[in-house]
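Peer 1: structure, please.
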Amino acid sequence: SYIKLSDDRYRFLWTCHHILLDGWSSALILGHIFDYCRANLTGTAYSFPASTPFKDYVFWEQDLPKIRQARRWRTLLKESYPQESVFRNHANSDEYTNYDFHCSSFKSDELSDLSRKNQISSSALIFAAWGLILSRLSKSENCVFGLTVSGRNNEFKDSESMIGMFANTVPFPVQVSAQNTLPQLAKAIFKTQEEIQTLETSPAADIHKWCELPSKQVLFDSLLVIGNYPQTQANENDPFIVEPISGQLSSPTPITLSFEITDRLQISVIADKSIPTDWVEVLASCFETILRNAISSEHITCDELGNIVPEPPQHSNEQSEHDDKDAKEAKTVVRIEQELIRDIWADILETTEIGPDDSFFDLGGNSLLSARLIEKLQTVFQRPVPFNILFDAPTVHSMSEYFISTDVDKWPILIPLQKGGDGPPLFLFHERAR
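Peer 2: Here you go, the predicted structure:
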């Protein structure tokens, strides 16, 4: 539908069933529509470009050797099943809730830098973080999540410019070694990515059959989607302005996470309404923390990172055990934060001999080094750090309490120059940065 709202404003409304088009094809069609609008407004002739019919791809895909695909899937998934369902046991509703999260504690460029350093993709780090969370929730080093893939086999000419339903969902196995770091886990995942790219057209039902799984065994109960579509926004010199394009996703699993990498990593979650909201929020927070800590200090092991992942929601008769687990997780968070702070101190002070209760100034810190330290802390933790933190929390142990706390305002901006005395009080102040 093309609806005229005013003399210079129109609403374009387009709906279609997902069985007809995938996200990539929808983006291609929108691109053609924008090209047509440009030509129409400038008086230029335009004809929609010809593309290879989708049926040609279907016939080509049907002729691919299935025996070889079956053998490779059995090899990939041989250690993954049987697998305990993590989310399906908590999902008993046909309705879903949408959530949006922004990873504000690190920039996407930092994620890209870590990827380039380890010669992997940013998506491999994302898969590693979610695989680590699933491993902890399922209490198994082997886990599987679903992955939406383009399904556009590069061996077929012009597949990227074709219109049709190419996208597919396949199982993605992850094996977590407790002593590996997240980048090391991501390197193994990157190899699996390369293998699965050659198997993207395999139907889930066939994979289930090839692996000889019981009928009640689901391939996965969580799904990851990485946004990677052709750009369809308007150009600067266009005679029209396109408002943000929006769409609505549905979920074939109890929980689906869709990632978009802009200046910050953005996460859209679709979860069964029976899954508690606070649990979804905690999992998103754990995901961000795992990536942030891996960016800030690469030597932290998966075992240490995974300790912040909470147990699934439990019944009241298990609450006491749950409280003990919370206390252990809180101690682990403190230890990880202290390790990050100690690494930053070591870089600024150029020494590794730093104890949890050693004063920054006793270790050789001064005002110039303090300024460098605060700048580094604000960059790593992405939150304001008052200068007087070194007076109120001069040790690694006490400073970690500031970064664990969410109550920033409990740290006053005023710095006492002298406490007590008979003379008139003197106050020096400036406007607080926002």
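Peer 1: going by C-alpha atoms from here, please, whenever you check contacts or count neighbours.
Peer 2: Noted.
Peer 1: would you say T97 is within a strand?
Peer 2: Yes. According to DSSP: H, G, I helix; E, B strand; the rest coil, T97 belongs to a strand.
Peer 1: in three-state terms, label the residue found closest to F48 once you drop the neighbours it is linked to in the chain for me.
Peer 2: Sequence neighbours aside, H32 is the residue nearest to F48 in space, at 6.8 Å (criterion: C-alpha to C-alpha, 6 or more residues apart in numbering). Assigned with three-state DSSP, H32 falls in the helix class.
Peer 1: cool, and A294?
Peer 2: Under three-state DSSP, A294 falls in the helix class.
Peer 1: before we move on, the earlier item: and for the residue nearest to F48, the neighbour number?
Peer 2: 17 (other C-alpha atoms under 10 Å).
Peer 1: now the one 5 residues further on
Peer 2: Other residues within reach of C37 by the criterion other C-alpha under 10 Å amount to 17.
Peer 1: before we move on, what about N89?
Peer 2: Each residue near N89 was counted by other C-alpha under 10 Å, and the total is 12.
Peer 1: three-state assignment of it?
Peer 2: Going by three-state DSSP: N89 is helix.
Peer 1: if we can go back for a sec, distance check, the residue nearest to F48 against F360.
Peer 2: Distance from H32 to F360, counting by C-alpha to C-alpha, to the nearest Å: 61 Å.
Peer 1: looking at this, P173 is in a strand?
Peer 2: Yes. Counting by three-state DSSP, one finds P173 located in a strand.
Peer 1: who touches it in this structure?
Peer 2: L76, L77, S80, N142, C143, V144, F145, T192 (C-alpha atoms under 8 Å, 6 or more residues apart in numbering).
Peer 1: so Q266 is in which element?
Peer 2: strand 265-272 (DSSP states H and E).
Peer 1: strands paired with that strand, and their directions?
Peer 2: strand 96-102 (antiparallel), strand 255-261 (antiparallel) (DSSP bridges).
Peer 1: output the contacts of P173 as a markdown table; include the columns neighbour count.
Peer 2: Converted to a markdown table, these look like this (neighbours: other C-alpha atoms under 10 Å):
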| residue | neighbour count |
| --- | --- |
| L76 | 17 |
| L77 | 19 |
| S80 | 19 |
| N142 | 22 |
| C143 | 29 |
| V144 | 23 |
| F145 | 20 |
| T192 | 16 |
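Peer 1: and the least confident of the residues you listed?
Peer 2: pLDDT across these is lowest for S80, at 85.
Peer 1: returning to that earlier point: go through the strands paired with strand 265-272 and pick out the most buried.
Peer 2: Mean neighbour count (mean count of other C-alpha atoms under 10 Å) peaks for strand 255-261 among the strands paired with strand 265-272, with a mean of 20.
Peer 1: hang on, the earlier thing: now the strands paired with strand 265-272 in a markdown table, with distance to T352?
Peer 2: Formatted as a markdown table, the strands paired with strand 265-272 follow (distance: least, C-alpha to C-alpha, whole Å):
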| stretch | distance to T352 |
| --- | --- |
| strand 96-102 | 34 |
| strand 255-261 | 35 |
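Peer 1: Q382: which of those strands is closest?
Peer 2: Of all the strands paired with strand 265-272, strand 96-102 sits nearest to Q382, with 12.7 Å by C-alpha to C-alpha.
Peer 1: what residues sit buried inside whichever helix or strand comes after the closest one?
Peer 2: Next in sequence after strand 96-102, counting helices and strands by DSSP H and E, comes helix 108-117. For helix 108-117, burial by neighbour count (16 or more other C-alpha atoms under 10 Å) applies to S108, E110, L111, S112, L114, S115.
Peer 1: any idea which of those residues is closest to D278?
Peer 2: Within the buried residues of helix 108-117, proximity to D278 (C-alpha to C-alpha) peaks at S108, which comes in at 25.5 Å.
Peer 1: how about that closest one, what does it touch?
Peer 2: Applying C-alpha under 8 Å, 6+ apart to S108 gives the contacts I261, T262, D263, R264, L265.
Peer 1: and the fourth one, how far from F101?
Peer 2: Here the criterion is C-alpha to C-alpha. By it, R264 lies 10 Å from F101.
Peer 1: same question for the last one.
Peer 2: Computed with C-alpha to C-alpha, the distance linking L265 and F101 is 9 Å.
Peer 1: just give the nearest non-adjacent residue to G355, would you?
Peer 2: Once flanking residues are discounted, G355 sits nearest to V396: 7.6 Å by C-alpha to C-alpha, 6+ apart.
Peer 1: now the strands paired with strand 265-272 in JSON lines, with mean pLDDT and distance to Q217?
Peer 2: Shown next, in JSON lines, are the strands paired with strand 265-272 (pLDDT from 0 to 100; distance: least, C-alpha to C-alpha, whole Å):
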{"stretch": "strand 96-102", "mean pLDDT": "90", "distance to Q217": "23"}
{"stretch": "strand 255-261", "mean pLDDT": "89", "distance to Q217": "17"}
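Peer 1: could you list the buried residues of the strand holding Q266?
Peer 2: Result for strand 265-272 [16+ other C-alpha under 10 Å]: buried residues L265, Q266, I267, S268, V269, I270, A271, D272.
Peer 1: average pLDDT for it?
Peer 2: Strand 265-272 comes out with an average pLDDT of 90.
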